[in-house]
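S.K.: Sequence isn't available, so here's the structure alone:
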């Protein structure tokens, strides 16, 4: 076996694992790695000047490519800045390996942070490499764990002595290709019996459906059942949003959607946390008359928060396929015709909603500040067919998804965790992951300011992305959530809050901020300018930003 330093073994393992980009913000603790990196030109270091940017880039790259991304942060101070988006990556199951250097393990008496313990709540596996001969096995396990369904982030710390020490090592990458978990046939039979007799079935799909590439199978099953379909707790295409049976993203704060769930006789939830929301609302979301079938590759998700009648541990694709086959045998001519009737009714409903949105957006044209629905309609009209959307629109998100339909996996990626600031960096990672497609980010102003430093990376590396900032001069989402809290939790629907801490008394001039980072930018206050400016930005071949001033009303 060859003998080499831990830092060289570390980088040789990254190359063996197929890493192309290191998304990083280095500190002194990464000095040994950065110096060794000069000898490994195959690895391209993409510098982010704030750790949230780096985490966003890695998340966007991993989710757009399906590959495990690699992140290099620094010791406790730098690592702490990345924890909020590490938490979101864990929530969405993003495969990434995050690392940070640490002090020499011999400095124990002086005090050194337990970096692995800090990251443990936000990762699938968290450990520290303290000796050079641990390096290759630890990196191999990290990449294996990150990519094994249910996927997610992993953290490794490297003590200084482990990087500088020498050992005999073998450079062998992770090779495990685990087969999909298939469902228990008896459980599928039971689920099929229940679904075949359903008169008002609802499907709820989540992140793990899209991750598994099971979108087409989800469509086949929904059409067979004539079920209404909701997306929940996800930031990707799990079901074509332009499909006539797709009813939108499920929010437990939306009373109409809650009522639809409570009217269902069967709810089939696949690859999703059932049901998730920030606010506590007592009792079950479903009535005792509704049967809940929950299918997930992660057994810990089943029965976690909602009484579950039938839980099935399975990867989404084989579960969809087995259910479709079982239903084909069980559904009678009468039940097949009933399913077709439900599908027709849903198609009429979604068609009406789409026409209503278009009329409303057209009716708001010319208003100043620009109406959010008009903004999104103008973006939809100007987008190239093959564009990828990075969705961090926050309180404008609903209008975005009303205006633009995403029918193919990879058409959009968004954040569904608890932190804001994902989109600025993620947009860059997505473009590096799919360089052949235009990438457009639609981002709220509050979220954009969390990681505005991403504009430096966009300009410095000339990454051709377009940022559209929904600039309403406030944390509008905090205002809407305050209203939900008053109405739903405190039962005070007539209260008129002052929304303290929610308005930006000095509004952000994103066009000026972008130009300061070397990115061309335009301020837009007239909706007639949106389409032409967006097309011009996409065709420019470089990064660009549109600072769109929108209506801040709640």
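M.R.: Yep, that arrived. Values in this document were obtained by computation on a predicted structure and should not be read as measured data.
S.K.: By mean pLDDT, flag the weakest helix or strand of this structure.
M.R.: helix 255-263 (a mean of 89; mean pLDDT, DSSP states H and E).
S.K.: Buried residues of that helix, list them for me.
M.R.: Buried residues in helix 255-263, counted by 16 or more other CB atoms under 10 Å: 257-258, 260-261. Where you see a C-beta, it was placed from the backbone N, CA and C, and this is true even at glycine.
S.K.: Please apply the same query to stretch 35-49.
M.R.: 36-37, 46, 48.
S.K.: same question, stretch 188-208
M.R.: Using 16+ other CB under 10 Å as the test for burial, stretch 188-208 gives 188, 190-192, 194-196, 198, 201-208.
S.K.: Would you mind measuring the gap between the ends of it?
M.R.: 19 Å (CA to CA, to the nearest Å).
S.K.: now swap in stretch 148-159 and tell me
M.R.: Start-to-end span of stretch 148-159 (CA to CA) is 26 Å.
S.K.: show me what contacts the closest residue to residue 433 other than its chain neighbours?
M.R.: Nearest in space to residue 433, with sequence neighbours left out and distances taken as CB to CB, 6 or more residues apart in numbering, is residue 64 at 3.6 Å. Taking CB atoms under 8 Å, 6 or more residues apart in numbering, we find residue 64 in contact with 388, 410, 413, 429-430, 433-434.
S.K.: Go through those and name the one nearest residue 56.
M.R.: residue 429 (6.7 Å; CB to CB).
S.K.: and that closest one, which of the three is it?
M.R.: Following DSSP: H, G, I helix; E, B strand; the rest coil, the label given to residue 429 is helix.
S.K.: got the contact list for it?
M.R.: Taking CB under 8 Å, 6+ apart, we find residue 429 in contact with 23, 56-62, 64, 69.
S.K.: In helices, which of those residues fall?
M.R.: Residues of the contacts of residue 429 located in helices (DSSP state H): 56-62, 64.
S.K.: Narrow these to those that are buried.
M.R.: Using 16+ other CB under 10 Å, the buried members of those are 56-62, 64.
S.K.: name the helices or strands packed onto the helix or strand following the least confident helix or strand of the chain?
M.R.: Moving toward the C-terminus from helix 255-263, the next helix or strand (DSSP states H and E) is strand 266-270. If you count contacts as 3 or more CB pairs under 8 Å, 6 or more residues apart in numbering; DSSP states H and E, strand 266-270 packs onto helix 185-196, strand 201-205, strand 291-296, helix 316-330.
S.K.: Indicate each strand paired with strand 266-270 and its parallel or antiparallel sense.
M.R.: Strand pairing for strand 266-270, using DSSP bridges, gives strand 201-205 (parallel), strand 291-296 (parallel).
S.K.: Run through who's touching the helix or strand just after the last one.
M.R.: Spelled out, that is strand 291-296. The helix or strand immediately downstream of strand 291-296 is strand 310-313, counting by DSSP H and E. Contacts to strand 310-313, defined as CB under 8 Å, 6+ apart, come from residues 181, 183-184, 187-188, 190-191, 194, 291-297, 299, 302-303, 319.
S.K.: what does stretch 113-131 give?
M.R.: Contact partners of stretch 113-131, identified using CB under 8 Å, 6+ apart, comprise 6, 75-76, 79-80, 83, 86-87, 89-90, 98, 100, 102, 105, 135, 138, 141-142, 145-146, 152-159, 161-162, 165, 167.
S.K.: and those, which of them are in helices?
M.R.: Among the contacts of stretch 113-131, DSSP H puts 6, 75-76, 79-80, 83, 86-87, 89-90, 135, 138, 141-142, 145-146, 161-162 in helices.
S.K.: Just the buried ones from those?
M.R.: Buried among the ones in helices among the contacts of stretch 113-131 (16+ other CB under 10 Å): 6, 75-76, 79, 83, 86-87, 89-90, 135, 138, 141-142, 145-146, 161-162.
S.K.: quick revisit: pick the one among the buried residues of helix 255-263 closest to residue 378.
M.R.: residue 257 (27.3 Å).
S.K.: Check residue 415 and give its pLDDT.
M.R.: In this prediction, residue 415 carries a pLDDT score of 89.
S.K.: I'd guessed it sits against residue 89; true?
M.R.: No. If you go by CB atoms under 8 Å, residue 415 and residue 89 don't touch, sitting 9.8 Å apart.
S.K.: Look up how far residue 339 lies from the closest residue to residue 188 other than its chain neighbours.
M.R.: Using CB to CB, 6+ apart and skipping residues adjacent in sequence, the residue nearest residue 188 is residue 322, 4.6 Å away. Here the distance between residue 322 and residue 339 works out to 18 Å (CB to CB, to the nearest Å).
S.K.: repeat for residue 151
M.R.: Relative to residue 339, residue 151 is positioned 33 Å away (CB to CB).
S.K.: roughly how far apart are the residue nearest to residue 433 and residue 441?
M.R.: In terms of CB to CB, residue 64 sits 13 Å off from residue 441.
S.K.: what do you get for residue 418?
M.R.: Relative to residue 441, and taking CB to CB, residue 418 is found at 20 Å.
S.K.: who has more neighbours, the two?
M.R.: residue 441 (28 against 10; other CB atoms under 10 Å).
S.K.: Show me how far stretch 316-328 is from its chain's centre.
M.R.: Centroid separation for stretch 316-328 versus its chain: 26 Å, with CA atoms, centre = their mean, to the nearest Å.
S.K.: scratch that, stretch 1-14 is what I was asking about
M.R.: Centroid separation between stretch 1-14 and its chain, computed with CA atoms, centre = their mean, is 33 Å.
S.K.: For it, report the contacting residues that lie outside it.
M.R.: Contacts of stretch 1-14 (CB under 8 Å, 6+ apart): 22, 32-33, 36-37, 39-40, 43, 70, 129, 131-132, 135-136, 139-140, 158, 162-171, 173.
S.K.: Residue 409 touches residue 211, doesn't it?
M.R.: No. At 9.5 Å, residue 409 does not count as touching residue 211 under the criterion of CB under 8 Å.
S.K.: Between those two, which contacts overlap?
M.R.: Residues touching both residue 409 and residue 211 (CB under 8 Å, 6+ apart): residue 236.
S.K.: Just the strands from the stretch 101-250 of the chain, written as ranges.
M.R.: 125-129, 153-159, 166-168, 201-205, 228-231, 246-249 (DSSP state E, counting those that start in this stretch).
S.K.: so how far is the third one off the chain centroid?
M.R.: Same thing as strand 166-168. 39 Å.
S.K.: likewise the first one?
M.R.: For strand 125-129, the distance from its own C-alpha centre to the chain's C-alpha centre is 24 Å (CA atoms, centre = their mean).
S.K.: ditto for the longest one
M.R.: On the basis of CA atoms, centre = their mean, strand 153-159 is displaced by 22 Å from the centre of the chain it belongs to.
S.K.: got the angle between that strand and helix 135-147?
M.R.: Angle between the axes of strand 153-159 and helix 135-147 is 160 degrees (criterion: axes from the mean of the first three to the mean of the last three CA atoms, to 10 degrees).
S.K.: thinking again about what came up before, pLDDT score assigned to the residue nearest to residue 433?
M.R.: Looking at residue 64, its pLDDT is 97.
S.K.: mind checking how far it is from residue 209?
M.R.: 17 Å.
S.K.: If we go by neighbour counts, what in the helix ranked longest in the chain is buried?
M.R.: If you go by DSSP H, the chain has its longest helix at helix 333-363. Neighbour counts over helix 333-363 (16+ other CB under 10 Å) mark 335, 338-339, 342-343, 346, 350, 357, 361 as buried.
S.K.: Report the rounded mean pLDDT for it.
M.R.: Mean pLDDT, helix 333-363: 97.
S.K.: elements contacting that helix?
M.R.: Using 3+ CB pairs under 8 Å, 6+ apart, helix 333-363 sits against helix 215-225, strand 246-249, helix 372-382, helix 397-403.
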